[in-house]
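K.L.:
Just a sequence and a predicted model for now, questions to come.
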Amino acid sequence: MTEVPRDELARRIAGEITLSDDAGATLRKWRTDFDISQTALAEQLDVSSSVISDYESGRRESPGIGVVRRMVEALLDIDQARGGSRIRQYARVISAGFESDIVQDLREYSTSIPLERLYDAMDATELVRGDHDHVSGHTVINSIQAITRLSSEEFYRLYGQSTSRALIFTDVSRGESPLVAMRVVTPTPNAVILHGLTEDDLWEHAPSLASIDGFSLAISNRDLDEMLEDLRALP
């Protein structure tokens, strides 16, 4: 595994923890994002698990940059020993120029897969069938962060290497903003999936806009962390 993505990721994580108003909470966020227990991290650092717990809960003074660096390297070492899936995931986001709170996952598949397989991973319900029934990748996007922070040029980079993909928007209340954004983005994705709302909550014009632009539209209410785990296992 090349060291460049890992080194860049290490700098980003360490910087975020060090500059955070609640370093313990930020450390906990990254540890859980990497699916690493306090016990596993403590064993990697050769300390007791209570030390990790104390840092994360704020019972111990915020760690200095040297301690943060050791913790971050331990997280990455554990992930690399497991095959490096999280490092690769974040490397894709970094290489596309996004922060991880905007793009939660960006993946290119080794082969195109039927939309139904993607829906199964998300427990999604299709409301509109578009012009394409396969996808070659997906991007999971926090809708609020993307809409408030991305320029129109940056929005195009959400497609990764191919527009034959699903754009999955999280933190959605009605779906109006993502669907309006699709109206000004050319070309459109093969599918748009809105996470976190029911069909009753959906903006009434969303299905007709999806039909006009020719992409499939679906919704999902599955637990976000569990959904991301299954998406990362595709194809």
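P.N.:
All right, it came through fine.

K.L.:
Show me the domain layout of the chain.
P.N.:
Listed domain ranges for the chain are 3-90, 100-233 (source: the TED database).

K.L.:
so how far is the first one from its chain's centroid?
P.N.:
Same thing as domain 3-90. Relative to the mean C-alpha coordinate of its chain, domain 3-90 is positioned 18 Å out (CA atoms, centre = their mean, to the nearest Å).

K.L.:
would JSON lines of the domains of the chain with mean pLDDT and mean neighbour count be doable?
P.N.:
For the C-beta atoms, the positions are set from N, CA and C on the backbone; glycine is no exception. As requested, the domains of the chain are arranged in JSON lines below (pLDDT from 0 to 100; neighbours: other CB atoms under 10 Å):
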{"stretch": "domain 3-90", "mean pLDDT": "88", "mean neighbour count": "16"}
{"stretch": "domain 100-233", "mean pLDDT": "88", "mean neighbour count": "18"}
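
K.L.:
Let me know the helix or strand that D131 is in.
P.N.:
Under the criterion DSSP states H and E, no helix or strand holds D131.

K.L.:
Helix, strand or coil: sort out E199 for me.
P.N.:
coil (DSSP: H, G, I helix; E, B strand; the rest coil).

K.L.:
I17 and R129, how far apart?
P.N.:
44 Å (CB to CB, to the nearest Å).

K.L.:
residues in contact with the residue nearest to the spatial centre of the chain?
P.N.:
Nearest residue to the geometric centre of the chain (CA atoms, centre = their mean): Q104, 1.3 Å. Going by CB atoms under 8 Å, 6 or more residues apart in numbering, Q104 touches 140-142, 170, 228.

K.L.:
Can you pull the phi/psi pair for it?
P.N.:
When read as degrees, to the nearest 10, the backbone of Q104 gives phi -90, psi -20.

K.L.:
how about the helices in this protein?
P.N.:
Along the chain, counting by DSSP state H, helices occupy 3-19, 23-33, 38-45, 49-57, 65-81, 85-95, 115-122, 143-149, 152-156, 176-183, 206-213, 224-232.

K.L.:
Now do the second one: everything it contacts.
P.N.:
Helix 23-33 is contacted by residues 13, 16-17, 20, 38, 41, 52, 55-58, 62-63, 68, 71-72, 75, 86, 100 when judged by CB under 8 Å, 6+ apart.

K.L.:
For I144, which non-adjacent residue is spatially closest?
P.N.:
D171 (5.1 Å; CB to CB, 6 or more residues apart in numbering).

K.L.:
I'd assumed Y55 was in contact with P63.
P.N.:
Yes - applying CB atoms under 8 Å, one finds P63 in contact with Y55, separated by 5.8 Å.

K.L.:
Now the terminal residues of stretch 156-171, how far apart.
P.N.:
20 Å (CA to CA, to the nearest Å).

K.L.:
Output the contacts of Q104 in TSV, with distance to E154 appended to each entry.
P.N.:
TSV is the format used below for these (distance: CB to CB, whole Å):
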residue	distance to E154
V140	16
I141	11
N142	14
T170	18
L228	22
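
K.L.:
Closest one of these to P114?
P.N.:
V140 (19.0 Å; CB to CB).

K.L.:
check contacts around the closest one.
P.N.:
103-106, 168, 170, 228, 231.

K.L.:
could I get those as a markdown table with distance to I212?
P.N.:
Formatted as a markdown table, the contacts of V140 follow (distance: CB to CB, whole Å):
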| residue | distance to I212 |
| --- | --- |
| V103 | 26 |
| Q104 | 28 |
| D105 | 28 |
| L106 | 27 |
| I168 | 21 |
| T170 | 24 |
| L228 | 30 |
| L231 | 27 |
